[in-house]
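In: Mind looking at a prediction? Sequence and model below.
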Amino acid sequence: MKAQNGLISSLYVRSRYGTATFRNDRQEVNVTDVQMATETSPLLSHISATSTMKEEVDSFEANPDSHINSSAPNMDCIGGPLDVSFSMTVQNMLTLNTDNMTFTAMLEIDFKYSLSKFIELFEMNDVELDAENFEFPYIICNMAESQIIRSNHFFRLADDEDVQPWQVSMYGSPKTTKRKLKPGQDDHVDLSKVIKCEKICMIGTFRYHSKYLHQPFDEIFAFFKIATDGRPGTESIKMFFHESDSSFPGFRKQIRDYVPIGDPIPLDIAMSHEYKNGGGPSYPRVYLVQRFRHQPFEDVVKFYTLPSLLPLLLFFTAKDGAGSYDSTVETIALSSGLILADVALLFVNKSPTMTFSEQSLLFNLAYLILGTVSCSAISMSQVESLSHVYNVCLYVFISLSVVLAGLTAIVHRAIATRSNDAIAKYLNERNFDLLNDLV
């Protein structure tokens with residue numbers, strides 16, 4: 001399915017906490033997400049040494065959950081021909097690349113679904129009843145690359161044919177599990193009571209959401225976006241997040257100088273495509289989001305505190321034999337060195353946009369140039385008690401430099417915090433209409 005064939009137009013969002021209350025907790029919104037459209041659809045097996053997904057090619061892919069329209073029609077059915085229970089274990093956050101806005105994590109993803117309904121939906125009646133022959137057609141939309149470590153496939157036999165996939169755990173007694181259902185030997189087994197379980201353990205690199213502009217007060221929203229590959233039949237699938245089978249120890253740890261804030265947020269999502277000829281099927285997704293906050297102390301000292309304190313060196317200009325300041329030459333020479341130091345700091349940050357820290361440096365540069373010119377002009381004028389006037393000007397100049405740097409840091413932090421708190425609030429409230437205006 002290619003990007004030019006159509007855009008994703010509608011989004012149904014539902015969160016579930018518990019097995020009894022999730023069915024009616026549904027909010028409807030509309031979304032465009034071209035990131036689901038890739039040059040090639042992954043194979044059903046999805047098990048390979050390394051898989052690489054298509055990089056973003058336009059602004060839609062840079063912001064996949066955008067263009068929301070709250071006029072989406074009602075979805076009056078809860079389940080589908082195939083209900084799939086999804087769970088995840090985030091074992092560890094391994095690396096963080098802020099330049100590419102990616103993180104590497106080790107995780108396990110689980111799928112559970114009715115074997116009989118899977119066979120009926122994908123017309124696999126002639127396939128041998130081996131657990132490894134039935135694999136859920138999934139992709140991870142924000143994954144740049146992955147390496148499958150191992151996978152585990154088995155059947156779990158339920159006591160009741162009405163049992164749902166989210167009522168069955170991946171864990172527990174192996175006595176109710178089978179790898180194969182052999183003809184003749186297992187003819188008494190009712191396939192409607194068989195739940196197919198699969199666990200995939202992988203190490204992958206995933207894109208996260210953040211704003212370069214807010215550095216060093218930035219935050220990271222780490223996403224896992226699980227979807228189907230869009231093959232015929234997947235439009236009839238409904239995915240549900242199985243919280244009791246999930247755990248997130250990797251999301252509880254600090255990675256570099258980013259610390260986790262709050263608990264991960266699971267979202268069950270169903271999307272539909274709108275093609276040029278109108279209409280389109282819906283496809284399921286499950287999102288998991290974790291918020292991380294940057295610890296900015298080191299960068300605040302580097303980009304705010306030190307540049308504002310360096311003008312103190314201007315006090316140490318030379319005196320002539322009469323005890324007067326030779327400020328015209330000394331002040332300009334020393335100030336030029338301070339300006340070069342600030343310019344060098346600008347090259348430390350390799351972000352693709354002008355960040356708050358770089359804005360602070362530029363403001364300090366402009367203020368340093370203006371203050372140097374002003375002090376030099378005073379020192380060159382014919383004023384009595386020149387040394388006293390010069391010292392007063394320096395005191396005022398340096399004091400204002402420190403105060404303005406502090407105010408700049410406070411304002412930048414307030415702006416970043418307000419933006420990040422709004423994103424977190426709208427995620428918790430499942431308010432995708434307002435979230436679209438921010439991310």
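Out: Received it, and whenever you're ready, just let me know what you need. Numbering: from 1, shown residues only.

In: Report the rounded mean pLDDT for stretch 256-265.
Out: For stretch 256-265, mean pLDDT is 90.

In: Now the strand or helix carrying V403: average pLDDT?
Out: Using DSSP states H and E, V403 sits in helix 386-429. The predicted model gives helix 386-429 an average pLDDT of 82.

In: Show me what that helix is packed against.
Out: If you count contacts as 3 or more CB pairs under 8 Å, 6 or more residues apart in numbering; DSSP states H and E, helix 386-429 packs onto strand 219-228, strand 258-275, strand 282-294, helix 306-309, helix 356-380, helix 432-435. Using the backbone N, CA and C atoms, a C-beta is placed for each residue, glycine as well.

In: neighbouring contacts of the helix or strand just after the third one?
Out: This means strand 282-294. For strand 282-294, the following helix or strand on the C-terminal side (DSSP H and E) is helix 297-300. Helix 297-300 is contacted by residues Q215, P216, D257, S357, A409 when judged by CB atoms under 8 Å, 6 or more residues apart in numbering.

In: Show the buried residues in these.
Out: For the contacts of helix 297-300, a burial check counting by 16 or more other CB atoms under 10 Å picks out Q215, P216, D257, S357, A409.

In: separation between the first one and L309?
Out: Put plainly, it is Q215. From Q215 across to L309, the span is 21 Å (CB to CB, to the nearest Å).

In: Then the third one?
Out: For D257, the distance to L309 (CB to CB) stands at 23 Å.

In: again, but for the last one
Out: Remark: distance between A409 and L309 (CB to CB) = 13 Å.

In: so where's this structure uncertain?
Out: Along the chain, the model assigns pLDDT under 70 to residues 1-80, 160-162, 175, 183-188, 270-281, 314-331, 375-391, 394, 432-439.

In: What residue spans form the domains of it?
Out: Domain segmentation of the chain under automatic domain parsing yields 3-294, 298-417.

In: Convert the C-alpha atoms of stretch 147-158 to PDB, please.
Out: What follows is stretch 147-158, C-alpha atoms only, in PDB (Å, rounded to 0.1, in the frame of the first residue of the first chain):
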ATOM      1  CA  GLN A 147      16.700  -7.700  15.400                       C
ATOM      2  CA  ILE A 148      14.500 -10.600  16.400                       C
ATOM      3  CA  ILE A 149      16.200 -12.500  19.200                       C
ATOM      4  CA  ARG A 150      13.700 -15.300  19.500                       C
ATOM      5  CA  SER A 151      10.100 -16.100  19.100                       C
ATOM      6  CA  ASN A 152       7.800 -18.600  20.900                       C
ATOM      7  CA  HIS A 153       4.500 -20.000  19.400                       C
ATOM      8  CA  PHE A 154       2.100 -22.300  21.100                       C
ATOM      9  CA  PHE A 155      -1.600 -23.100  21.500                       C
ATOM     10  CA  ARG A 156      -3.400 -22.800  24.800                       C
ATOM     11  CA  LEU A 157      -6.500 -24.900  25.300                       C
ATOM     12  CA  ALA A 158      -9.300 -23.200  27.100                       C
END
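
In: Can you report how many residues neighbour I226?
Out: 23 (other CB atoms under 10 Å).

In: The closest residue in space to it that isn't next to it in sequence: neighbour count?
Out: Nearest residue to I226, sequence neighbours excluded (CB to CB, 6 or more residues apart in numbering): V286, at 4.6 Å. For V286, the neighbour count with other CB under 10 Å is 23.

In: list the contacts for V286?
Out: F86, K225, I226, A227, M239, F240, F241, P266, L267, D268, I269.

In: mind checking how far the closest residue to the fourth one other than its chain neighbours is from K225?
Out: With CB to CB, 6+ apart as the measure, R285 is the residue that lies nearest to A227, at 4.5 Å, once sequence neighbours are left out. Note on R285: its distance to K225, by CB to CB, is 6 Å.

In: now swap in S357 and tell me
Out: 30 Å.

In: And K253, by the same measure?
Out: Applying CB to CB to K253 and K225 gives a distance of 22 Å.

In: got it, and I200?
Out: Counting by CB to CB, the gap from I200 to K225 is 15 Å.

In: again with A366
Out: Applying CB to CB, the value for A366 to K225 is 43 Å.

In: the more surrounded of the two?
Out: Ranked by neighbour count (other CB under 10 Å), A366 and K225 place K225 first, with 23 against 10.

In: Quick check: bridge partners of that one?
Out: For K225, the beta-bridge partners are Y287 (DSSP bridges).

In: Double-check it against I140; I have them as touching.
Out: Yes. Contact criterion CB atoms under 8 Å: K225 and I140 qualify, at 6.3 Å.

In: mind putting the helices and strands packed on helix 386-429 in a markdown table, distance to I149 included?
Out: Putting these into a markdown table (distance: least, CB to CB, whole Å) gives the following:
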| stretch | distance to I149 |
| --- | --- |
| strand 219-228 | 16 |
| strand 258-275 | 22 |
| strand 282-294 | 19 |
| helix 306-309 | 45 |
| helix 356-380 | 38 |
| helix 432-435 | 34 |
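
In: nearest to F122, of the contacts of V286?
Out: Top of the list for closeness to F122, among these and by CB to CB, is M239 at 15.7 Å.

In: Which helix or strand contains L338?
Out: helix 327-346.

In: so what secondary structure elements neighbour that helix?
Out: Partner elements for helix 327-346 (3+ CB pairs under 8 Å, 6+ apart): helix 306-309, helix 356-380.

In: let's see it at 6 Å
Out: Where contact means 3 or more CB pairs under 6 Å, 6 or more residues apart in numbering; DSSP states H and E, helix 327-346 is packed against helix 356-380.

In: Specify the angle between the helix it packs on and helix 386-429 in degrees.
Out: If you take axes from the mean of the first three to the mean of the last three CA atoms, to 10 degrees, helix 356-380 sits at 170 degrees to helix 386-429.

In: Point out the other helices and strands that helix 356-380 packs with.
Out: By 3+ CB pairs under 6 Å, 6+ apart, helix 356-380 packs against helix 327-346, helix 386-429.

In: which one of those lies closest to V168?
Out: So among these, helix 386-429 is nearest, using CB to CB, at 28.7 Å.

In: quick check: angle from that closest one to strand 219-228?
Out: Angular relation of helix 386-429 and strand 219-228 on a 0 to 180 degree scale: 30 degrees, by the same axes, to 10 degrees.

In: okay, the angle between helix 386-429 and strand 282-294?
Out: Using the same axes, to 10 degrees, helix 386-429 lies at 150 degrees relative to strand 282-294.

In: my guess is I200 contacts I109, does it?
Out: Yes. Assessed by CB atoms under 6 Å, I200 is found in contact with I109 at 5.3 Å.

In: That concludes my questions; thank you for your assistance.
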